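Enquirer: Turn this into a model:
(one chain, ligands or ions: 1)
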Amino acid sequence: MGKKRIDQAIQNVLEQGDKVFVPYIMAGDGGLEQLPDQIAFLEEHGATVIELGIPFSDPVADGPTIQEAGIRALANGTTMAGVLDVLKKTQGKRSIPIVFMTYFNLIHAYGAGQFAADCEAAGVDGVIIPDLPLEEEDLAVPALSRHDLALIRLAAPTSPRKRLKEIAKRTEGFLYAVTVKGTTGARTEYAEEVTGYLQTLKSISDTPVLAGFGVSTPQHVKELGGHCDGVIVGSKIVQSLAEGNTEEVKELIKASKISLVKQA
Ligand SMILES: O=P(O)(O)OC[C@@H](O)[C@@H](O)c1c[nH]c2ccccc12
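Expert: Numbers count the residues shown, from 1 in each chain. Purely as a prediction, here's the structure:
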């Protein structure tokens with residue numbers, strides 16, 4: 001459980017010669033009762049770790065697709081406590097690691113200590129808190145460490161090198177390389193500097209580096225994956241699942257399986 005489970009899952013994929021694939025889904029989109037099946041589907045089709053978003057009324061880092069998914073999830077009554085409850089009850093049915101993506105406000109309202117304890121009890125392995133800067137981490141880190149939860153840090157393309165080094169040193173599980181300036185959401189192409197930025201992060205990080213924000217086609221998965229250890233896909237997965245287009249999700253995951261291509 002916890003940090004080690006994330007490290008293990010990522011290591012297994014990399015040793016096999018594949019790239020890590022982390023899908024993001026919004027908990028409660030489509031009804032919270034769907035969550036165990038959504039997780040099982042992603043696990044079955046080869047996801048490495050699942051990033052599970054907790055809906056929040058003021059999602060400052062999110063673009064329209066994820067904002068709308070959050071509104072749908074809130075409208076059907078999804079709460080942090082509800083998500084933890086479902087995960088706790090279905091713990092034995094999955095072996096894929098789960099990472100929460102939640103704004104700090106929700107953790108603060110829940111109580112950081114209680115939050116971390118309940119996460120551990122529900123089999124959650126780590127958290128991403130996009131609005132918790134390095135300088136404020138003490139608000140959460142002691143509780144998270146006590147309950148063996150990895151705190152995955154985000155690197156932004158606007159951060160100076162010195163700061164990137166500190167982020168890379170502190171991160172646990174993986175380093176989340178935000179590839180664009182702006183909010184989450186599908187994009188058609190990437191600026192050329194992204195390649196250099198990912199290479200820089202690889203050179204300063206001992207922890208696997210995963211690229212996220214705007215990854216939305218199998219081509220993106222292959223391209224970006226070629227410069228780091230794998231990718232995170234949010235908006236495109238959220239949209240495909242909401243439309244019932246499971247084929248699209250499978251194709252995205254398949255693009256991270258380099259070893260399959262080599263054998264073919
Ligand atoms: O939606 P995109 O562009 O594929 O980006 C990933 C992203 O959705 C997911 O990791 C995420 C959702 N909300 C966030 C807030 C901050 C950082 C990351 C996230």
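Enquirer: Excluding covalently adjacent residues, which one is nearest to the residue of the stretch 151-264 of the chain found nearest the ligand?
Expert: Here the stretch 151-264 of the chain gets closest to the ligand at one residue, residue 234, 1.9 Å apart by Cβ to the nearest ligand atom. C-beta coordinates here come from the backbone N, C-alpha and C atoms, glycine included. Spatially, and ignoring its direct neighbours in sequence, residue 234 is nearest to residue 24 (3.6 Å; Cβ to Cβ, 6 or more residues apart in numbering).
Enquirer: The ligand versus that neighbour, what's the distance?
Expert: Separation of residue 24 from the ligand (Cβ to the nearest ligand atom, to the nearest Å): 4 Å.
Enquirer: quick one: contacts for that residue?
Expert: If a contact means Cβ atoms under 8 Å, 6 or more residues apart in numbering, then residue 24 has 50-53, 66, 101, 212, 232-234, 237-238 as its contacts.
Enquirer: any idea which helix or strand carries it?
Expert: In the assignment (DSSP states H and E), residue 24 maps to strand 20-26.
Enquirer: partners of that strand, with directions?
Expert: strand 50-53 (parallel), strand 230-233 (parallel) (DSSP bridges).
Enquirer: what's in contact with the first one?
Expert: Put plainly, it is strand 50-53. 22-27, 39, 42-43, 66, 69-70, 83, 96-102, 128, 232, 234.
Enquirer: Please see if that strand touches the ligand.
Expert: Yes. Strand 50-53 reaches the ligand (Cβ under 6 Å from any ligand atom) through 51, 53.
Enquirer: what about that strand, average pLDDT?
Expert: Here the mean pLDDT over strand 50-53 is 98, rounded to a whole number.
Enquirer: Hmm, residue 90 is touching residue 36, no?
Expert: Yes. Shown here, residue 90 and residue 36 form a contact pair, counting by Cβ atoms under 8 Å, at 4.4 Å.
Enquirer: Near the ligand, which residues of the stretch 151-264 of the chain? Just list them.
Expert: 184-185, 212-215, 232-236.
Enquirer: Quickly check the residues you listed for the two that are furthest apart.
Expert: Greatest spacing in these, by Cβ to Cβ: 185 and 232 (13.0 Å).
Enquirer: any common contacting residues for the two?
Expert: residue 213.
Enquirer: which of these two has more neighbours?
Expert: residue 232 (28 against 19; other Cβ atoms under 10 Å).
Enquirer: pretty sure that one contacts residue 216?
Expert: No. Counting by Cβ under 8 Å, residue 216 is not a contact partner of residue 232; they are 11.4 Å apart.
Enquirer: And the helices in the stretch 1-150 of the chain?
Expert: When assigned using DSSP state H, counting those that start in this stretch, the helices of the stretch 1-150 of the chain occupy the ranges 3-15, 35-44, 64-75, 80-89, 104-110, 112-122, 141-146.
Enquirer: Okay, buried residues for the shortest one please.
Expert: Just to be clear, that refers to helix 141-146. In terms of neighbour count (16 or more other Cβ atoms under 10 Å), helix 141-146 has its buried residues at 141, 143-144.
Enquirer: That one - contacts with which helices or strands?
Expert: helix 112-122, strand 150-152 (3 or more Cβ pairs under 8 Å, 6 or more residues apart in numbering; DSSP states H and E).
Enquirer: hmm, try it at 6 Å
Expert: When contacts are defined as 3 or more Cβ pairs under 6 Å, 6 or more residues apart in numbering; DSSP states H and E, helix 141-146 sits against helix 112-122.
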